[in-house]
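In: Below: sequence and its predicted model.
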Amino acid sequence: MDTHIFRGTLILFVATIFFTAVESQGYDYFDLEPAYLLSNNCPKECSCPPSFPRALYCENKGLKEVPPIPSRIWYLYLQNNEIEMLNEKQFSNATQLRWINLNKNKITSQSIEKNFFGAMKNVLYLFLEDNDLEEVPAPLPSSLEQLRLAKNKISKIPEGVFSNLENLTLLDLYQNKLTDGSFQADAFSGLKNLMQLNVAKNELKKMPAGLPSNTVQLYLDKNNIESIPDDYFNNVPRISFIRLNYNKLSDKGIPANVFNVTSLLDLQLSHNELATLPTVNGHLERLYLDHNKIKSK
Ligand SMILES: *[C@@H]1O[C@H](CO)[C@@H](O)[C@H](O)[C@H]1NC(C)=O
Ligand SMILES: *[C@@H]1O[C@H](CO)[C@@H](O)[C@H](O)[C@H]1NC(C)=O
Ligand SMILES: *[C@@H]1O[C@H](CO)[C@@H](O)[C@H](O)[C@H]1NC(C)=O
């Protein structure tokens, strides 16, 4: 009798620990196939911490190929490897992926199978920084929220590639080979929720046309921009941060009231060729003007 009570209590106790642990992860374990809890089918090249059953960690392993991805995985970490090829076959079981980190690999535009990313229906974050891409991959999944393509050799943006990305909030094209001709006039149309656009360290001479209307942060440092069109910021009523350090802006390239924008909080114009102070709005909190030709009185 005593033993029975003890055993019952013990089972309850163990069950309580298990379910508390599960709840505290914030994961919905219960739609995982029960086999997972027994087998864990983790590719030998990777690690699968039991506390994060949706994550597959395969970074810094010198991998030349994508390992087999179990179907339960949402978060895939493959950064800092030597992966060259991406094809649908490798990812055929990985239909639930939310985050894909492929930063610092050897992926070229030619080595991505046609429609490879387009076929992914749930991906929110796609990181492809520091690879050898020459164009923005197309098509892209319409579910995307962040697209990081910095440090590639991108000079081409296929027509309409961003037009279905209604939930994209961040587009990072830092340090590529983009020129004014890379952007079609309507390249950004459809990016209804884009807040951060980074085209710094490219080869632009002009401001990109048709900024997404919800842009908050615009980074264009280290280009060769000489002038800004009149009323350029009138179509971006939430613009708060503008970085144009290391460009070729002179007084004649800056229309009288172009920076007199009430939403603007932070304006960076260091390392340009300005001789006079631009007109700014009283709401501005930070203005950077060092390394210009402004004479102190
Ligand atoms: C997909 O899953 C099936 C069944 O578990 C397995 O046989 C196959 O090797 C997997 N494919 C890949 C590419 O991981
Ligand atoms: C955009 O996000 C909303 C809200 O999360 C979601 O309902 C919608 O399906 C998403 N759009 C796409 C194309 O995934
Ligand atoms: C800045 O713009 C405001 C309207 O937003 C205007 O009233 C003001 O005169 C402008 N400042 C200058 C110096 O032109």
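Out: Great, that's in hand. Numbers count the residues shown, from 1 in each chain. Ligands and ions are numbered 1, 2, ... in the order given.
In: Which residue ranges of the stretch 151-297 of the chain form helices?
Out: For the stretch 151-297 of the chain, applying DSSP state H, counting those that start in this stretch gives no helices.
In: Likewise for the stretch 1-150 of the chain?
Out: Along the stretch 1-150 of the chain, the stretches classed as helices by DSSP H, counting those that start in this stretch are 2-25, 34-39.
In: In the chain, what residue lies closest to ligand 1?
Out: Pro68 (3.2 Å; C-beta to the nearest ligand atom). C-beta: built from backbone N, CA, C; applies to glycine.
In: residue contacts, that residue?
Out: Pro43, Gln90, Asn93 (C-beta atoms under 8 Å, 6 or more residues apart in numbering).
In: In strands, which of those residues appear?
Out: Judged by DSSP state E, strands contain none of these.
In: Could you identify which of these has the most neighbours?
Out: When neighbours are taken as other C-beta atoms under 10 Å, the top entry among the contacts of Pro68 is Gln90 (17 neighbours).
In: Contact partners for the residue of the chain found nearest ligand 3?
Out: Relative to ligand 3, the nearest point of the chain is Asn260 (3.7 Å; C-beta to the nearest ligand atom). Residues in contact with Asn260 (C-beta under 8 Å, 6+ apart) are Thr279, Val280, Asn281.
In: For the stretch 151-297 of the chain, which residues are neighbours of ligand 2?
Out: Counting by C-beta under 6 Å from any ligand atom, the residues of the stretch 151-297 of the chain close to ligand 2 are Glu166, Asn167.
In: what stretches of the stretch 151-297 of the chain score poorly on pLDDT?
Out: 297 (pLDDT under 70).
In: Contact residues of it facing ligand 3?
Out: Asn257, Asn260, Thr262, Thr279, Asn281.
In: One more pass at 5 Å, please.
Out: Residues of the stretch 151-297 of the chain lying close to ligand 3 (C-beta under 5 Å from any ligand atom) are Asn260, Thr279.
In: need the strands for the stretch 151-297 of the chain, in chain order.
Out: 170-172, 196-198, 217-219, 241-243, 266-268, 286-288 (DSSP state E, counting those that start in this stretch).
In: now these in TSV, with mean neighbour count?
Out: Compiled in TSV, the strands of the stretch 151-297 of the chain are given as follows (neighbours: other C-beta atoms under 10 Å):
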stretch	mean neighbour count
strand 170-172	20
strand 196-198	20
strand 217-219	20
strand 241-243	20
strand 266-268	19
strand 286-288	13
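In: Mind checking those strands for the one nearest to Asn103?
Out: Among the strands of the stretch 151-297 of the chain, strand 170-172 comes nearest to Asn103, with 11.1 Å by C-beta to C-beta.
In: Which neighbouring elements make contact with the closest one?
Out: Under the contact definition 3 or more C-beta pairs under 8 Å, 6 or more residues apart in numbering; DSSP states H and E, strand 170-172 sits against strand 146-148, strand 196-198.
In: Give me the local confidence score for Asn41.
Out: The model reports Asn41 with a pLDDT of 84.
In: That one and Ala187: what is the separation?
Out: Computed as C-beta to C-beta, to the nearest Å, the Asn41 to Ala187 distance reads 42 Å.
In: More neighbours: which of those two?
Out: Neighbours were counted for Asn41 and for Ala187 using other C-beta under 10 Å; Ala187 has more, 21 against 13.
In: you'd agree the more buried one is up against Ile157?
Out: Yes. Counting by C-beta atoms under 8 Å, Ile157 is a contact partner of Ala187 at 5.7 Å.
In: how far away is Phe188 from Ser250?
Out: 27 Å.
In: out of those two, which sits in the busier spot?
Out: A direct count of neighbours by other C-beta under 10 Å for Phe188 and Ser250 places Phe188 higher, at 23 against 16.
In: how close does that one sit to Pro50?
Out: 43 Å.
In: go on, Glu134?
Out: Glu134 is 41 Å from Pro50, by C-beta to C-beta.
In: Between these two, tell me which one has more neighbours.
Out: Taking neighbours as other C-beta under 10 Å, Glu134 and Pro50 compare with Glu134 leading, 14 against 10.
In: Nearest residue to that one in space, please, no chain neighbours.
Out: Ser109 (4.7 Å; C-beta to C-beta, 6 or more residues apart in numbering).
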